[in-house]
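Visitor: Kindly return the folded structure for what I paste below:
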Amino acid sequence: MFVVVAAIVVLSIAALGLLPVLVDTPRVQAMIAGGASQALGRPVKFESVSVWALPRPVVRLSGLEVAEDPAFGRDAFLRLDAGELTIKLRPLLTGQVEFGDLVLRKPRIALVQNPDGRWNIASLGARDEARAPGRAPRGADGGAPGAALPITRLRIADGVVTYVARGGGGPPTRYRLEDLDLTLTGSAARLAFSAQGRVAPGGLSLNVSDGTLGLGARALAEAPVAAKIALEATDVTELVRPYAGPSASVGGALRATLTLDGTLVAPRASGPIEFTRLALTQTQPECPEPRRRTLTFPRVTLAAGWEGARLVARPLTATLGPGAVTAQLRVTLDRGVRAELNDLAVKALPLQTVLVDFLCQAYAVTGPLDLTGALAFSAADALNTLGGRGALRIGRGRVVGRQALALRDGVVRVGGALSSIASADLPRTLLDSPLDFDSIVGTYTITDGVVTTRDLTYTSRPMKATVAGTYGLASGRMNLDVTVASGRSEIRARVTGPSSSPSIRLVPGAILPGGSAERSLKDLLKRFR
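Guide: From the prediction side, this is the model:
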């Protein structure tokens, strides 16, 4: 037994010593380049290839480069300063060269997506259907035919993947997957893989497990893929900055567990996504200092599905104080960020937090909001693109917005003066500030940021008011018919113009029947325009 072991050791040492002789370096370089070129469908070249016997037999690659799809430019798809291809020792004892693991250290890979959605990896591994049957492809060096390079395992260590999504007219979106550690094992028909890395900007950690990639498709891009993906980030602010718009930011921690399927360039992912302390921060010109205000949702969850440039959440749930929001969310990213909220249901949402503390709305009210309906908007200009319809109910609260109170005062003072002429004085409680109410209810539609209502009804102990007309969310322009009733008195007014300085015109005959005091009305209205 000792003799056999000694013989094997001697043969191994001899094989290692003869390695540079046994391994024909130019032939190995042609074999590697030809096999890789055939597998990828792209030219592959090296600056140099060298053979090392110790500490283990390897072929060292320097200056490796995989060409880009010409439709995406002339920069290389993959660049590599150094790589190692191990040589199996047992076949070497018989004079045969067989390879084991391929390790690519610190490769730089470029992923590019054009505005039409096409990826630069779509042509990887594509087969030339026009090639004559039985004619083998030639190697990258134009010499001997190249066979697919047989390796046991491929590992990418400390890689960097850059992702560039070219927009239709704006600047491209850029991300980097850094510290990538990827392992591929398997056969020519099916690969298993696992990976981990970190997305920048944003610090999003990525962990891929149980991955498989089928290789029977016509092109690598069409290969079926499956995996489990875990995502985690302590703050997503930098990650979502390209989509948040110029004046807003979104922050908070993220955790997700997704199941991946589909194909390599058209993957689908689904699973739960959870945000904790999701914070929307925006500069609000209407607010006193500090004008930079933040609205924080303690918890937001999505039962999410992702396909192409579309995210669907069925459902989305969020909490804010005692309130809750549920909806079916759909977000598309192909031409800017477009969001749709269907089956929207809001329960007991505290309007003080939203309208007063965050938005500093000039027409703000407090109280719990219940709402049902649907909304859609573009993130780049939410107010001017907002659309939808619904019904709302605000429970007991107060009118606190300064312009809402000023508008109330204007309508009531004009009506009060005319009411005095008609000997039907309105109660002084109508001028109390802030203005308490029992409820506000109504239905609405929104088109391009303009809200239309026909039945908004404000109810309080001293009065009842109804509002019908339009209000521009971004412009603040109003065209409203307002009716205020208290006891036997009723005021009807037309409110038009900008919300900062609206024009208030009472409807003739609203208090003075038959227009009996038309001259007095005209004189009085001049003071309120």
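
Visitor: Sketch out the helices for this structure, chain order is fine.
Guide: 2-17, 19-22, 25-40, 89-93, 237-244, 351, 382-385, 402-421, 518-525 (DSSP state H).

Visitor: low-scoring pLDDT stretches of the stretch 151-300 of the chain, where are they?
Guide: 151, 167-170, 188, 217, 245 (pLDDT under 70).

Visitor: That one: strands as residue ranges?
Guide: Shown for the stretch 151-300 of the chain, the strands assigned by DSSP state E, counting those that start in this stretch span residues 153-165, 173-186, 190-200, 204-214, 225-233, 248-262, 267-283, 292-307.

Visitor: Let me have those in CSV, extended by mean neighbour count.
Guide: All C-beta spots, glycine's among them, are computed from the backbone N, C-alpha and C. Converted to CSV, the strands of the stretch 151-300 of the chain look like this (neighbours: other CB atoms under 10 Å):
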stretch, mean neighbour count
strand 153-165, 17
strand 173-186, 16
strand 190-200, 17
strand 204-214, 16
strand 225-233, 17
strand 248-262, 17
strand 267-283, 17
strand 292-307, 16
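
Visitor: Turn these into a markdown table, including distance to residue 386.
Guide: A markdown table is the format used below for the strands of the stretch 151-300 of the chain (distance: least, CB to CB, whole Å):
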| stretch | distance to residue 386 |
| --- | --- |
| strand 153-165 | 26 |
| strand 173-186 | 24 |
| strand 190-200 | 31 |
| strand 204-214 | 30 |
| strand 225-233 | 29 |
| strand 248-262 | 15 |
| strand 267-283 | 15 |
| strand 292-307 | 17 |
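
Visitor: so which of those gets nearest residue 108?
Guide: Set against residue 108 and scored by CB to CB, the strands of the stretch 151-300 of the chain come closest in strand 153-165, at 5.2 Å.

Visitor: which other helices and strands contact the closest one?
Guide: strand 99-105, strand 108-113, strand 173-186 (3 or more CB pairs under 8 Å, 6 or more residues apart in numbering; DSSP states H and E).

Visitor: Would you map out the domains in the chain?
Guide: Here the chain is described, according to automatic domain parsing, as comprising the domains 1-123+144-186, 398-528.

Visitor: re earlier: distance to residue 437 for the helices and strands packed on strand 153-165 - can I get that in CSV?
Guide: Supplementary listing: the helices and strands packed on strand 153-165 in CSV, determined by distance: least, CB to CB, whole Å:
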stretch, distance to residue 437
strand 99-105, 68
strand 108-113, 52
strand 173-186, 46
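
Visitor: so which of the ones you listed comes closest to residue 43?
Guide: strand 108-113 (15.5 Å).

Visitor: which parts of that closest one are buried?
Guide: 109, 110, 111, 112, 113 (16 or more other CB atoms under 10 Å).

Visitor: where's the closest residue in space to the second one that isn't next to it in sequence relative to residue 114, distance?
Guide: Nearest non-adjacent residue to residue 110, counting by CB to CB, 6 or more residues apart in numbering: residue 162, 5.3 Å away. Counting by CB to CB, to the nearest Å, the gap from residue 162 to residue 114 is 15 Å.

Visitor: thought residue 155 was touching residue 103?
Guide: Yes. Using CB atoms under 8 Å, residue 155 is in contact with residue 103, at 4.9 Å.

Visitor: Name the residues that touch stretch 236-246?
Guide: 173, 199-204, 233, 249-254, 275, 333, 337, 379-380 (CB atoms under 8 Å, 6 or more residues apart in numbering).

Visitor: One more pass at 7 Å, please.
Guide: 173, 199, 201-202, 204, 233, 249-252, 254, 337, 379-380 (CB atoms under 7 Å, 6 or more residues apart in numbering).

Visitor: And for stretch 283-290?
Guide: Under CB under 7 Å, 6+ apart, the answer for stretch 283-290 is 247, 291, 292, 293, 359, 360, 362.

Visitor: Report the buried residues of it.
Guide: Buried, per 16+ other CB under 10 Å, within stretch 283-290: 286, 287.

Visitor: Only the C-alpha atoms, please, for that stretch, written as PDB.
Guide: This file holds the C-alpha atoms of stretch 283-290, laid out as PDB (Å, rounded to 0.1, in the frame of the first residue of the first chain):
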ATOM      1  CA  THR A 283     -40.300  71.300   1.000                       C
ATOM      2  CA  GLN A 284     -43.700  73.000   1.600                       C
ATOM      3  CA  PRO A 285     -43.700  76.600   0.500                       C
ATOM      4  CA  GLU A 286     -46.900  77.200   2.500                       C
ATOM      5  CA  CYS A 287     -45.400  76.200   5.800                       C
ATOM      6  CA  PRO A 288     -43.700  78.400   8.300                       C
ATOM      7  CA  GLU A 289     -40.100  77.400   9.100                       C
ATOM      8  CA  PRO A 290     -39.100  74.700   8.900                       C
END
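
Visitor: sorry, back to before: isn't the residue nearest to residue 110 right up against residue 178?
Guide: No. Assessed by CB atoms under 7 Å, residue 162 is found out of contact with residue 178, at 9.6 Å.

Visitor: Give the residues shared as contacts by the two.
Guide: By CB under 7 Å, 6+ apart, no residue touches both residue 162 and residue 178.

Visitor: before we move on, back to that, which of the helices and strands packed on strand 153-165 sits closest to residue 504?
Guide: strand 173-186 (48.3 Å).

Visitor: counting contacts, what elements does the closest one pack onto?
Guide: For strand 173-186, the contact count by 3 or more CB pairs under 7 Å, 6 or more residues apart in numbering; DSSP states H and E identifies strand 153-165, strand 190-200 as packing neighbours.

Visitor: As a markdown table, those with distance to residue 389 would be great.
Guide: Converted to a markdown table, these look like this (distance: least, CB to CB, whole Å):
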| stretch | distance to residue 389 |
| --- | --- |
| strand 153-165 | 33 |
| strand 190-200 | 38 |
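
Visitor: Tell me which of those strands sits nearest to residue 442.
Guide: Nearest of the helices and strands packed on strand 173-186 (CB to CB): strand 153-165, 42.0 Å.

Visitor: ok, residues contacting that closest one?
Guide: So strand 153-165 is contacted by 101-113, 172-185 (CB under 7 Å, 6+ apart).

Visitor: Ok, which of the helices and strands packed on strand 153-165 comes nearest residue 462?
Guide: Closest among the helices and strands packed on strand 153-165, using CB to CB: strand 173-186, at 55.4 Å.

Visitor: Could you list the paired strands of the closest one along with their orientation?
Guide: Partners of strand 173-186 in the sheet, by DSSP bridges, are strand 153-165 (antiparallel), strand 190-200 (antiparallel).
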